[in-house]
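J.: Fold the following for me, if possible:
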Amino acid sequence: MLRYLWPFLFLLALQPFCRSITPDVFRRYGLPVSETVLQDYGFFPEKWRDEMKQTVKEMFYFSYDSYMQHAFPLDELNPVECIGRGPDWNDPSHININDVLGNYSLTLIDSLDSLLVFGNISEFHRAVHLITERVSFDQDTTVQVFEATIRVLGGLLSAHLLLNDPHVFPSARLPGYDNELLDLAADLAVRLSGAFDGTATGLPHPRINLRHGVQPDMEKIHETCLAGAGSLLLELGLISHLTGDPMYGKMAQKSVLNLWERRNEKTGLLGNTIDIRTGVWLDHTSGLGAGMDSFYEYLLKAYILFGDEAYLDMWNEAYNHIKVHQRMGDVSCGVDSNSHPLFINANMLSGTTANHWVDSLAAAFPAVQILAGDAPDAICLHNFYVNVWALFGALPERFNWHAEQAVIPLYPLRPELAESTYFLYRATRNPFYLHVGKMMVESLNEMARTKCGFATVHSVLDKSLEDRMESFFLSETLKYLYLLFDEDNPVNKHEERLLFTTEGHILPLSSHYQTPLWDPIATDRTDKPSYFCAAHNPLLRYALPVEVISWKSNNPDHQEPRCSQ
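T.: So this is what the prediction gives:
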């Protein structure tokens with residue numbers, strides 16, 4: 001894998017020419033860099049930024065307009081045949097489709113706040129009217145509770161809050177709006193809440209029929225995953241605060257705590273899937289990918305949104321155990337690095353390596369690390385996934401890091417690498433991340449563009465396509481790429497007052513949500529630290545891959561280390 005890790009090898013390339021630049025110099029200045037890396041990644045012209053911004057905007061409207069023309073009011077667009085897609089009514093067992101598509105205009109709801117990000121207030125208003133007039137959740141469809149929560153409930157709540165927020169998009173206010181989106185969200189929350197009924201552990205059933213609730217055939221399915229049961233707190237907690245009914249937040253919190261209490265006593269790790277009746281783990285794999293990823297993300301974000309320090313205690317404990325048992329490789333990357341750092345899948349019982357693959361969903365974890373303040377490790381992990389993308393032109397669903405092979409070569413237009421690239425750029429302002437975004441935009445246009453949108457890449461090996469454009473391509477992938485290049489976007493101007501959900505929906509922060517509406521978590525904080533936002537060492541802004549031009553422009557008195565003759 002090292003032969004692909006060009007951002008990390010610049011020190012080796014530098015040493016023959018500049019023997020005085022040592023790891024000590026790097027640690028002191030954070031900026032030795034080869035001329036090749038500096039030339040290729042140390043600068044991103046404003047012209048390129050403008051071009052990329054316009055390119056991503058064109059990609060969004062090409063896809064969105066195609067959905068509205070060929071698919072709405074169905075849930076998704078098939079971009080090859082230019083037709084719409086809804087639930088598979090003929091095959092209820094087709095969960096790859098039916099878990100997500102509930103006959104509720106999914107793509108439009110998921111894209112609401114994206115329309116604001118792209119600056120189209122008039123289309124946002126039109127979309128609000130279309131949804132409030134035509135969408136009903138009284139559907140005889142069985143959907144996954146997690147997907148309906150993060151995509152649909154989250155989309156409605158985000159749009160409702162941004163409609164009423166005077167700071168970020170003040171022109172988004174809609175005359176005559178009477179909380180119709182909130183009413184729809186509350187109706188959906190009532191329907192989803194039935195998934196929590198009747199389970200001894202408090203963990204929800206993974207699926208529910210929106211009209212009839214949990215059906216007898218669903219009672220036979222006892223398996224849910226860590227993320228599916230433990231990543232509902234932001235959306236359900238918000239609907240509690242906005243409606244005044246604490247039930248939803250209490251249910252979501254109970255589910256989180258029941259999972260947390262079942263972490264392994266020896267390793268502190270949690271597994272992947274669990275029996276909702278008994279609370280027994282069914283899959284002991286512990287990692288940061290599919291089925292597990294957003295659980296950890298929501299521990300940290302629940303603290304930010306609701307202010308209960310118990311969530312931050314849980315995040316810190318979980319992250320410490322993850323670093324002990326799942327992080328492999330050198331302590332740092334780029335300096336005397338022989339084995340690039342990586343977070344692997346471990347056995348929750350023993351902490352030993354469970355397998356040799358990672359999946360693409362884990363590429364979002366650097367964004368969580370940035371939010372937690374661990375910039376150096378975020379930079380290292382992100383670069384691993386950048387190089388996997390560069391190897392294939394996209395991220396395969398599953399990659400074997402030992403054999404350097406795509407195990408599952410599917411790429412369904414996922415946003416995770418775009419997300420972490422955006423957050424790393426906001427944290428460091430390093431031009432390298434603009435280059436990464438440019439690479440991704442060019443790959444998407446080259447590999448996935450079709451007659452009516454962008455299609456799932458069936459195989460990153462032979463570049464074959466599947467006729468499906470999932471809603472997260474508009475709600476997340478293109479949103480993050482646009483925000484990466486649009487420096488003056490209102491979201492970037494007000495980033496300190498905003499929080500992104502795991503589906504990329506934008507939530508304005510408010511002290512109102514930090515007033516407890518349900519019982520706070522009972523915790524002994526006697527030996528726990530008091531949390532505060534400490535200023536980062538400015539050197540962290542210039543960690544790998546280093547950008548000397550930016551360093552000089554921000555530090556005019558800095559003296560460049562000299563090579564001895």
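J.: show me where the stretch 51-200 of the chain has helices.
T.: Assigned by DSSP state H, counting those that start in this stretch, the stretch 51-200 of the chain shows helices spanning 95-98, 106-110, 112-117, 121-134, 145-147, 154-164, 180-193.
J.: ditto for the stretch 201-350 of the chain
T.: Counting by DSSP H, counting those that start in this stretch, the helices of the stretch 201-350 of the chain are 216-219, 226-230, 233-243, 247-260, 293-306, 309-325.
J.: can you put those helices in TSV and add distance to residue 198?
T.: Using the backbone N, CA and C atoms, a C-beta is placed for each residue, glycine as well. Putting these into TSV (distance: least, Cβ to Cβ, whole Å) gives the following:
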stretch	distance to residue 198
helix 216-219	9
helix 226-230	15
helix 233-243	18
helix 247-260	12
helix 293-306	23
helix 309-325	27
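J.: what would those helices look like in a markdown table with mean neighbour count and mean pLDDT?
T.: Output for the helices of the stretch 201-350 of the chain, formatted as a markdown table (neighbours: other Cβ atoms under 10 Å; pLDDT from 0 to 100):
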| stretch | mean neighbour count | mean pLDDT |
| --- | --- | --- |
| helix 216-219 | 12 | 78 |
| helix 226-230 | 26 | 97 |
| helix 233-243 | 24 | 97 |
| helix 247-260 | 22 | 97 |
| helix 293-306 | 23 | 96 |
| helix 309-325 | 18 | 95 |
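J.: Nearest approach to residue 361 belongs to which of those helices?
T.: Nearest to residue 361, of all the helices of the stretch 201-350 of the chain, is helix 293-306, at 4.9 Å by Cβ to Cβ.
J.: helices or strands next to that closest one in the packing?
T.: For helix 293-306, the elements it packs on are helix 226-230, helix 233-243, helix 247-260, helix 309-325, helix 365-372, strand 498-500, judged by 3 or more Cβ pairs under 8 Å, 6 or more residues apart in numbering; DSSP states H and E.
J.: and if we set it to 6 Å?
T.: Contacts defined by 3 or more Cβ pairs under 6 Å, 6 or more residues apart in numbering; DSSP states H and E place helix 293-306 against helix 226-230, helix 233-243, helix 309-325.
J.: could you give the angle of the last one to helix 365-372?
T.: In this structure, helix 309-325 runs at an angle of 130 degrees to helix 365-372, with axes from the mean of the first three to the mean of the last three Cα atoms, to 10 degrees as the basis.
J.: Run through the neighbouring helices and strands of helix 309-325.
T.: helix 293-306.
J.: Kindly calculate the angle that the helix it packs on makes with helix 233-243.
T.: Using the same axes, to 10 degrees, helix 293-306 lies at 30 degrees relative to helix 233-243.
J.: who's in contact with helix 293-306?
T.: Applying Cβ atoms under 6 Å, 6 or more residues apart in numbering, the external contacts of helix 293-306 come out as 226-227, 230-231, 233-234, 311-312, 314-315, 318, 361, 368, 372, 499, 502, 513-514.
J.: picking up where we left off before, so can I have JSON lines of the helices and strands packed on helix 293-306 showing distance to residue 114?
T.: JSON lines is the format used below for the helices and strands packed on helix 293-306 (distance: least, Cβ to Cβ, whole Å):
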{"stretch": "helix 226-230", "distance to residue 114": "23"}
{"stretch": "helix 233-243", "distance to residue 114": "17"}
{"stretch": "helix 309-325", "distance to residue 114": "28"}
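J.: Can you say which of those helices is nearest to residue 182?
T.: That would be helix 233-243 among the helices and strands packed on helix 293-306, by Cβ to Cβ, at 5.9 Å.
J.: How far does the closest one sit from its chain's centre?
T.: In terms of Cα atoms, centre = their mean, to the nearest Å, the centre of helix 233-243 is found 20 Å from the chain centre.
J.: Run through who's touching that helix.
T.: For helix 233-243, contacts defined as Cβ under 6 Å, 6+ apart pick out 149, 153-154, 157, 182, 185-186, 189, 246, 248-249, 252, 256, 298, 301-302, 501, 513, 517.
J.: Try it again at 8 Å.
T.: 149-150, 153-154, 157, 160, 182, 185-186, 189, 245-253, 256, 298, 301-302, 305-306, 499, 501-502, 507, 512-513, 517-518 (Cβ atoms under 8 Å, 6 or more residues apart in numbering).
J.: and if you look at stretch 444-455?
T.: Stretch 444-455 has contacts (Cβ under 8 Å, 6+ apart) with 55, 59, 62-63, 66-67, 70, 77, 79-80, 82, 393-394, 411, 413, 456-457, 463, 465-469, 473, 477.
J.: ok, now which ones touch the residue nearest to residue 331 when sequence neighbours are not counted?
T.: Spatial nearest neighbour of residue 331, chain neighbours left out: residue 341 (7.7 Å); criterion: Cβ to Cβ, 6 or more residues apart in numbering. Residues near residue 341 by Cβ under 8 Å, 6+ apart: 327, 328, 329, 330, 331, 332, 333, 377, 380, 381, 384.
J.: hmm, try it at 7 Å
T.: 327, 329, 330, 333, 377, 380, 381 (Cβ atoms under 7 Å, 6 or more residues apart in numbering).
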